[in-house]
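Chemist: Below: sequence and its predicted model.
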Amino acid sequence: MKQIFLVEDDGAIARNLSLLLCAEGFGVTSASTQSEAIACLAAHRFDLALVDISLPDGNGFVVCTEIKAQQNIPVIFLTASGEESSVVTGLNMGADDYITKPFRPRELVARIRAALRKSGKDSSAFEIGGLSVDTASGIVRKNGEEVFLSALEYRLLLMFVNNPRRIITRDRLLSELWDASGEFVTDNALTVYIKRLREKIEDDPASPRIIQTVRGTGYRLGEG
């Protein structure tokens with residue numbers, strides 16, 4: 001799983017971005033200040049950084065410099081200003097791209113994937129029980145044949161792929177699917193989505209080995 005470092009001081013934006021990126025198959029670590037961001041760099045390894053230019057105790061330019069010095073990963077600036085000077089400054093300091101708020105979620109994800117491909121860090125595939133998931137291309141195959149999933153089915157599958165050793169509760173699935181899709185997902189609808197997904201990816205949907213039920217709790221990814 002590719003790890004995204006999100007440096008954003010607006011709590012609502014940071015939460016929504018984290019939900020979006022997790023739904024797209026990324027892991028996310030957030031920091032809200034310049035000092036917190038620099039501390040995170042020493043404790044974690046990342047594949048790409050999204051950095052807000054305006055921070056309460058400094059700015060994203062300093063964070064970008066530290067990122068490039070310590071980990072040399074792609075940096076995409078998030079800015080509320082379309083001013084040419086801010087953009088030029090960021091690019092001159094080593095940023096790989098920038099995107100102006102408010103931005104379209106799909107455009108941001110596309111920019112992230114493009115930066116990862118350019119840096120050579122975008123090789124991400126997961127296999128289990130004859131099922132392969134390429135999170136870079138969004139292609140899912142079962143025994144070599146492409147499986148066509150709806151957007152919600154794909155997000156649901158990614159939640160299990162991204163949490164291979166964890167039990168995921170129904171409440172968490174409902175919350176994250178709802179926030180990521182912008183549509184209200186009911187408990188009954190979740191049951192239907194799980195059933196449909198199993199019908200597409202399991203050898204025997206009646207005895208699932210990939211998405212297993214943990215009675216009274218939720219679900220977990222099996223051993224395949």
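Modeler: Ah, there it is. Numbers count the residues shown, from 1 in each chain.

Chemist: where along this protein do the strands fall?
Modeler: Taking DSSP state E to define them, one finds strands in the chain at 3-7, 27-31, 48-52, 54-55, 58-59, 75-79, 97-100, 125-128, 131-134, 139-142, 145-147, 167-169, 211-214, 218-221.

Chemist: Mean confidence (pLDDT) on the fourth one, please.
Modeler: Per-residue pLDDT values across strand 54-55 average out to 88.

Chemist: ok, and what's touching it?
Modeler: When contacts are taken as C-beta atoms under 8 Å, 6 or more residues apart in numbering, the neighbours of strand 54-55 outside the stretch itself are V7, D9, S32, T33, Q34, A37, G60, V63, T79, A80. Any C-beta I mention is one placed from the backbone N, CA and C, and that applies to glycine too.

Chemist: Deepest in the core, which of the strands of the chain is it.
Modeler: The highest average neighbour count among these, using mean count of other C-beta atoms under 10 Å, belongs to strand 48-52 at a mean of 26.

Chemist: Pairing partners for it, with directions?
Modeler: As defined by DSSP bridges, the strand partners of strand 48-52 come to strand 3-7 (parallel), strand 75-79 (parallel).

Chemist: contacts for that strand?
Modeler: For strand 48-52, using C-beta under 8 Å, 6+ apart, the contacting residues are 2-10, 17, 37, 60, 63-64, 67, 73-79, 95, 112, 115-116, 119, 121.

Chemist: Please export the C-alpha coordinates of it as CSV.
Modeler: Only the C-alpha atoms of strand 48-52 are listed here, as CSV (Å, rounded to 0.1, in the frame of the first residue of the first chain):
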residue,chain,number,x,y,z
LEU,A,48,4.2,10.9,-1.6
ALA,A,49,3.4,14.1,0.3
LEU,A,50,0.4,16.5,-0.1
VAL,A,51,1.4,19.7,1.5
ASP,A,52,-0.7,22.8,2.2
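
Chemist: still on that earlier bit, okay, the strands of the chain in JSON lines with distance to L108 next?
Modeler: Converted to JSON lines, these look like this (distance: least, C-beta to C-beta, whole Å):
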{"stretch": "strand 3-7", "distance to L108": "11"}
{"stretch": "strand 27-31", "distance to L108": "13"}
{"stretch": "strand 48-52", "distance to L108": "8"}
{"stretch": "strand 54-55", "distance to L108": "18"}
{"stretch": "strand 58-59", "distance to L108": "20"}
{"stretch": "strand 75-79", "distance to L108": "8"}
{"stretch": "strand 97-100", "distance to L108": "6"}
{"stretch": "strand 125-128", "distance to L108": "22"}
{"stretch": "strand 131-134", "distance to L108": "20"}
{"stretch": "strand 139-142", "distance to L108": "21"}
{"stretch": "strand 145-147", "distance to L108": "26"}
{"stretch": "strand 167-169", "distance to L108": "25"}
{"stretch": "strand 211-214", "distance to L108": "29"}
{"stretch": "strand 218-221", "distance to L108": "27"}
